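Engineer: below are the sequence and a predicted model for it; my questions follow.
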Amino acid sequence: MNQNAHAGDLRTVTSADGSTIAYQTFGQGAPVILIGGAFNDRTTMFALAETLAPHVTAVVYDRRGRGDSTDDSTPGQFAVDREIEDLAALIEALGGRVSLFGHSSGGVLALQAAMRGLPVDKVAVYEPAYIIPSSRPVPPADAFDRLKEFVAKGDRDGAAGSFLEEQVGVPGQMVAGMRAGEGWGYMCAQALTLPYDVAICGVGGGIPAKQLAALQVPTLAVYGDQTSESLQAATKAVADTVPGTRHVVLEGQDHGVLHHPEALSPALAEFLA
């Protein structure tokens, strides 16, 4: 299947700091922005966007510094505010109100946008990548600085490896195997933006419980029953903290659900449409 068959033309908006943010739309109806996590650009959301297109206008975009989007912010800062400003510019271009769906750190960014008061009608998240200390080790205190050092040197391979081993907890031997795989080049293409994902999810672990508990936006929290204990714990923490959250568990799915959009889209379409 040609995943781009029903996509609209590539468009851009200008964020508050002058960065160019590229996006495409699928379908018609109320707009829903789909937000990818670490190592993802807008193309990883194409298949899900197509499955949602009969119900909503699914909007995919390149987070800053990825794909066709630029990052014109001060080098080395990786401020969450810049990504919130990107979403604000995109929401304005889409008519002023949207719903959000986010996968992994993209889910955390979606929640951040809603908590900061952007004009968001609904938020759906799949395995938001908060670190719950009781479910997994917290990264070393200096891991974020090491990651930023790799990025400052333009070392994409080093940044990707550092992020996977220290932030995600992937064993070094497994990372070595990933380096030999055909997908490593794609991952490295996004690697210089990884500090944004760390900054969004929080360096020290935990969830922003007070802010989440005050969130008044209808929320859907989803995880797969084959995913890691830590991601299940993070999703449950969101569901338990945001008032009135609808909680869904997908049978047979893990963190790679974007490769199986037909498993995820029914719950999303029902919630978002």
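Structural biologist: Arrived safely, thanks for sending.

Engineer: hey, where'd the helices end up in this protein?
Structural biologist: Here the chain has its helices, by DSSP state H, at 46-52, 80-93, 105-115, 143-152, 156-162, 172-179, 184-189, 194-201, 209-213, 229-241, 261-272.

Engineer: out of the ones you listed, deepest packed?
Structural biologist: Mean neighbour count (mean count of other C-beta atoms under 10 Å) peaks for helix 105-115 among the helices of the chain, with a mean of 26. For the C-beta atoms, the positions are set from N, CA and C on the backbone; glycine is no exception.

Engineer: quick one: list the elements packing against that one.
Structural biologist: strand 31-35, helix 80-93, strand 98-103, strand 120-126, helix 194-201, helix 209-213 (3 or more C-beta pairs under 8 Å, 6 or more residues apart in numbering; DSSP states H and E).

Engineer: reformat the helices of the chain as CSV; add distance to residue 28.
Structural biologist: Listed next are the helices of the chain as CSV, based on distance: least, C-beta to C-beta, whole Å:
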stretch, distance to residue 28
helix 46-52, 11
helix 80-93, 16
helix 105-115, 22
helix 143-152, 39
helix 156-162, 37
helix 172-179, 39
helix 184-189, 30
helix 194-201, 30
helix 209-213, 32
helix 229-241, 30
helix 261-272, 14
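
Engineer: of all those, which one is nearest residue 15?
Structural biologist: helix 80-93 (4.7 Å; C-beta to C-beta).

Engineer: what angle separates the closest one from strand 120-126?
Structural biologist: With axes from the mean of the first three to the mean of the last three C-alpha atoms, to 10 degrees as the basis, helix 80-93 and strand 120-126 are set at 120 degrees to each other.

Engineer: of the helices and strands packed on helix 105-115, which is nearest residue 223?
Structural biologist: Between residue 223 and the helices and strands packed on helix 105-115, the shortest separation by C-beta to C-beta is 7.0 Å, and it involves strand 120-126.

Engineer: and the contacts of the closest one?
Structural biologist: Applying C-beta atoms under 8 Å, 6 or more residues apart in numbering, the set of residues contacting strand 120-126 from outside is 30, 91, 97-104, 107-108, 110-111, 113-114, 215, 217-223, 235, 238, 257, 264, 268, 271-272.

Engineer: which residues touch the spatially most central residue of the chain?
Structural biologist: The residue at the geometric middle of the chain, judged as the C-alpha nearest the mean C-alpha position with C-alpha atoms, centre = their mean, is residue 106 (1.4 Å). Residue 106 is in contact with 34-37, 40, 63, counting by C-beta under 8 Å, 6+ apart.

Engineer: also residue 220?
Structural biologist: Residue 220 makes contact with 122-125, 245-248, 267-268, 271 under the criterion C-beta under 8 Å, 6+ apart.

Engineer: who is the closest residue to residue 42 other than its chain neighbours paired with across the strands?
Structural biologist: Excluding the flanking residues, the one nearest residue 42 by C-beta to C-beta, 6 or more residues apart in numbering is residue 60, at 4.1 Å. Assessed by DSSP bridges, residue 60 has beta-bridge partners residue 24, residue 34.

Engineer: check what pLDDT the closest residue to residue 218 other than its chain neighbours gets.
Structural biologist: Excluding the flanking residues, the one nearest residue 218 by C-beta to C-beta, 6+ apart is residue 122, at 4.8 Å. Model confidence at residue 122, expressed as pLDDT, equals 98.

Engineer: great, nothing more from me.
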